[in-house]
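Engineer: Here is my input; please provide its structure:
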Amino acid sequence: MLPTLADVLGLPAVQRARPRVVVGSEHLGVTVRWVHIAEVTDLAHLLRGGELVLTTGIAMPDDPAALRRYVDDLASAGVSGIAVELGRKYHSELPGALLDAAQEAGVPVISLERETRFVEITEAVHVRVVNRQLEELRESERLHEVFTQLSVEGARPAQVLEEVAHLSGCPVVLENLAHQVLVCDLNGEEPGALLTSWESRSRAIRNGPRTVHDPATGWLVTMVGARGQDWGRLILICGASPAPRQTMLVERAATTLALGRLLERHQESLERQTHRTIIAGIIDRAYSDPEEALVRARAVGVPLTGRNLVGMVLRLREGGTGLAAQARLADSAEGVARACRELRLAALVGSVDDLRVGILLALPPREGLDDCVHRMADRVRERVGLGPVLAVGSQTDDIRQVRRSFLEARQVADVAVHQSDDRPFYRLPDLHLRGLLHLFRDDERLQTYVEREVGPLLAYDARHGTDLTAMLRCYLTSGRNKALAASTAHLSRPAFYERLRRISHVLQADLDSVETCLSLHVALLSLDSVRDRLTG
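Structural biologist: Take a look at the predicted model:
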């Protein structure tokens, strides 16, 4: 940062001249870009602004009107101040016409009461200015390296904002053009204080140049976008007087965010990422105060206070890795979000892992849950297709209970993905025996039961490369109807009967016994639940 006039007056070389501020003591915070020694009055056209003019006053006119023109010309050139050495022309005080004109123009005037070498003053100030310019250049290079590395690594917006908060020591917020918070790093500040009524406070700060500072709020605001299409604003809450380094920092971060947006292809939208972060915070209990989730959701345009809250999960039937799987999950999340917007349903929507999209539905108290979920399920099928399964957790009006609703919906989805009745959505009561077994899938006694009942058959298939377990499943799901099971398995009856005989031999079990078949069927359903625990 350039030195202020007060800084310059405190330099030893200036102090030796015994400076006294005669006019404009309230303007000593103005910055000094350079020192210009001039013994002529016609010099305004030589200046660029920010100079401290040093003079002995020897060439100043005696005419009051000419003195006023001299001061007015310097003021129009943007000088930081006028320092006049006493002794050559003015022995004890400066002329009133000069001081009155300077007072009106807001230009500080300093009298130097002892003779001094002007060159010492210019050297002292210029060294300070040049050193500061070198510091700013080094800082610019460091910021360039930091944000270039973030761009190369494909850093997410949250990582970029974390770096901005770390480098600035200030809270930073990324919002969309509707003034809804997309990502924020509050740098330890209280969310309720910073994010409450965010939209209305943000709208009060209008866009101007690319970067503007609002002294009333202390917000440093810069536009984010590229190719002539702005899509957000980056806001650094830095106080009444931002340093040039902070302006450089926020503009460099905005460029990194814009570049990252251009490079995004198979990733979630920024809105989905923001929603996902809030949902994950609720599920993982990341918020020390549950009210923080309410504040953050309200800041992104989804009010949760005074609403009936329902955790829902859309589960894909197949996962995967790579860009194609990411794109499939991202498209599913965007499809659900679009369905909610079309139905005017307030909801947070974001992926929670590689297989599932989390949905926090916030319904007005008078809105019927069943009707909303049916309409939403139908619209989601239109947008996403028939493959994924939609599961619905319990309804609550307490943000502290939303985690339980999400966990219930996840359990329901993991079981429902194996159902064949093709319901538009599932709840816990719809799952019957599968739901019960899924709840106990981590119990070692259930796992032991599976191994005891069907373990020998699984081992036989593994050793011989056969499909006897699948044939047993086909037989049991067909209600022990051998003809139907053979048809379903695309085998002739003799071939299917031979497989049943072999299964009976391997398991040492009577497949004509209802109780035995019931036990085997429960074991196979339990096997599905145990495998879901390992792969889900």
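
Engineer: what's the straight distance from one end of stretch 331-351 to the other?
Structural biologist: Here the two ends of stretch 331-351 are set 10 Å apart, with distance taken as Cα to Cα, to the nearest Å.

Engineer: what ranges do the helices span in the stretch 101-250 of the chain?
Structural biologist: 118-152, 157-168, 191-195, 198-203, 244-263 (DSSP state H, counting those that start in this stretch).

Engineer: Could you point out which of these sits nearest L437?
Structural biologist: Nearest to L437 among the helices of the stretch 101-250 of the chain is helix 157-168; the distance by Cβ to Cβ comes to 38.7 Å. In this view, the C-beta of every residue, glycine as well, is placed from N, C-alpha and C.

Engineer: Mind listing what's buried along that closest one?
Structural biologist: When burial is assessed from 16 or more other Cβ atoms under 10 Å, helix 157-168 yields the following buried residues: 157-165, 167-168.

Engineer: how far off helix 118-152 does it point, in degrees?
Structural biologist: For helix 157-168 against helix 118-152, the angle between stretch directions is 160 degrees (axes from the mean of the first three to the mean of the last three Cα atoms, to 10 degrees).

Engineer: how distant is helix 157-168 from the center of its chain?
Structural biologist: Here the centre of mass of C-alpha atoms in helix 157-168, compared against the chain's by Cα atoms, centre = their mean, to the nearest Å, lies 10 Å away.

Engineer: same deal with stretch 41-59?
Structural biologist: Centroid separation between stretch 41-59 and its chain, computed with Cα atoms, centre = their mean, is 50 Å.

Engineer: now swap in stretch 512-526 and tell me
Structural biologist: What separates the centre of stretch 512-526 from the centre of its chain is 51 Å, taken as Cα atoms, centre = their mean.

Engineer: buried residues in it?
Structural biologist: Per 16+ other Cβ under 10 Å, stretch 512-526 contains these buried residues: 517, 520-526.

Engineer: Narrow those residues to those in strands?
Structural biologist: With strands identified by DSSP state E, none of the entries of the buried residues of stretch 512-526 belong to them.

Engineer: Sitting in helices, which of these do you find?
Structural biologist: Using DSSP state H to define helices, the subset of these located there is 517, 520-526.

Engineer: Let me know the closest of those residues to A413.
Structural biologist: Distance from A413 was checked for each of these by Cβ to Cβ. The minimum falls on L525, at 16.6 Å.

Engineer: G358 is in contact with F406, isn't it?
Structural biologist: Yes - using Cβ atoms under 8 Å as the test, G358 is close enough to F406 to be in contact (6.3 Å).

Engineer: Tell me the secondary structure of P303, please.
Structural biologist: Per DSSP: H, G, I helix; E, B strand; the rest coil, the secondary structure class of P303 is coil.

Engineer: Quick one, grab the pLDDT at it.
Structural biologist: pLDDT, P303: 92.

Engineer: Now do the domain split for this structure, please.
Structural biologist: Per automatic domain parsing, the structural domains of the chain span 5-126, 154-263, 270-438, 440-535.

Engineer: Near the residue nearest to R203 when sequence neighbours are not counted, how many other residues are there?
Structural biologist: For R203, the nearest residue in space outside its immediate sequence neighbours is H179; the separation is 5.4 Å by Cβ to Cβ, 6 or more residues apart in numbering. Using other Cβ atoms under 10 Å, H179 has 18 other residues around it.

Engineer: quick one: contacts for L457?
Structural biologist: L457 sits next to 468-469, 472, 503, 506-507 when contact means Cβ atoms under 8 Å, 6 or more residues apart in numbering.

Engineer: Would you quantify the distance from it to V450?
Structural biologist: L457 sits 11 Å away from V450, going by Cβ to Cβ, to the nearest Å.

Engineer: for the domains of the chain, which one sits closest to R142?
Structural biologist: Of all the domains of the chain, it is domain 154-263 that lies closest to R142, at 9.0 Å by Cβ to Cβ.

Engineer: could you give the mean pLDDT of that closest one?
Structural biologist: With pLDDT averaged residue by residue, domain 154-263 scores 88.

Engineer: for stretch 18-27, same thing?
Structural biologist: So the average pLDDT for stretch 18-27 ends up being 91.

Engineer: Now do the strands in the stretch 151-300 of the chain.
Structural biologist: 172-176, 181-185, 211-214, 219-226, 229-237 (DSSP state E, counting those that start in this stretch).

Engineer: Quick one: those as CSV, columns for distance to S202 too.
Structural biologist: Rendered in CSV, the data for those read as follows (distance: least, Cβ to Cβ, whole Å):
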stretch, distance to S202
strand 172-176, 6
strand 181-185, 9
strand 211-214, 10
strand 219-226, 8
strand 229-237, 7
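
Engineer: Output those strands as TSV; include the columns distance to A253 and mean neighbour count.
Structural biologist: Putting those into TSV (distance: least, Cβ to Cβ, whole Å; neighbours: other Cβ atoms under 10 Å) gives the following:
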stretch	distance to A253	mean neighbour count
strand 172-176	8	23
strand 181-185	11	24
strand 211-214	11	17
strand 219-226	8	21
strand 229-237	6	20
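
Engineer: Of those strands, which is nearest L270?
Structural biologist: Going through the strands of the stretch 151-300 of the chain one by one, with Cβ to Cβ as the measure, strand 181-185 comes closest at 5.0 Å.

Engineer: Enumerate every residue touching L484.
Structural biologist: Contacts of L484 were listed using Cβ under 8 Å, 6+ apart, and they are S478.

Engineer: Just the element for it, please.
Structural biologist: Element membership for L484 (DSSP states H and E) is helix 482-488.

Engineer: Buried residues, that helix. List them.
Structural biologist: For helix 482-488, the buried set under the neighbour-count rule, 16+ other Cβ under 10 Å, comprises 485-486.

Engineer: Using CSV, please lay out the helices of the stretch 101-250 of the chain together with distance to D443.
Structural biologist: Putting these into CSV (distance: least, Cβ to Cβ, whole Å) gives the following:
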stretch, distance to D443
helix 118-152, 46
helix 157-168, 38
helix 191-195, 40
helix 198-203, 46
helix 244-263, 45
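
Engineer: before we move on, the earlier item: can you pick out the ones from the contacts of L457 that are in helices?
Structural biologist: Secondary structure of those is defined by DSSP H; positions in helices are 468-469, 472, 503, 506-507.

Engineer: Distance of the spatially closest residue to A66 that is not a sequence neighbour relative to R88?
Structural biologist: With Cβ to Cβ, 6+ apart as the measure, T41 is the residue that lies nearest to A66, at 7.5 Å, once sequence neighbours are left out. Between T41 and R88 the distance is 15 Å, computed by Cβ to Cβ.

Engineer: Pick out whichever of these two has more residues nearby.
Structural biologist: When T41 is set against R88 and neighbours are counted by other Cβ under 10 Å, the residue ahead is T41, at 17 against 13.

Engineer: pretty sure L468 is in contact with R501, am I right?
Structural biologist: No - in this structure L468 lies outside contact range of R501 using Cβ under 8 Å: 10.6 Å.

Engineer: Pick out whichever of those two has more residues nearby.
Structural biologist: Shown here are L468 and R501; by other Cβ under 10 Å, L468 has more neighbours (19 against 11).

Engineer: who's in contact with the closest residue to A280 other than its chain neighbours?
Structural biologist: Spatially, and ignoring its direct neighbours in sequence, A280 is nearest to V352 (6.5 Å; Cβ to Cβ, 6+ apart). With contact taken as Cβ under 8 Å, 6+ apart, V352 is in contact with 276, 279-280, 283, 313, 358, 406, 410.

Engineer: Now do V352 against R272, distance only.
Structural biologist: When Cβ to Cβ is the yardstick, V352 and R272 sit 11 Å from each other.

Engineer: Tell me, how many residues neighbour T31?
Structural biologist: Each residue near T31 was counted by other Cβ under 10 Å, and the total is 15.

Engineer: All set now, cheers.
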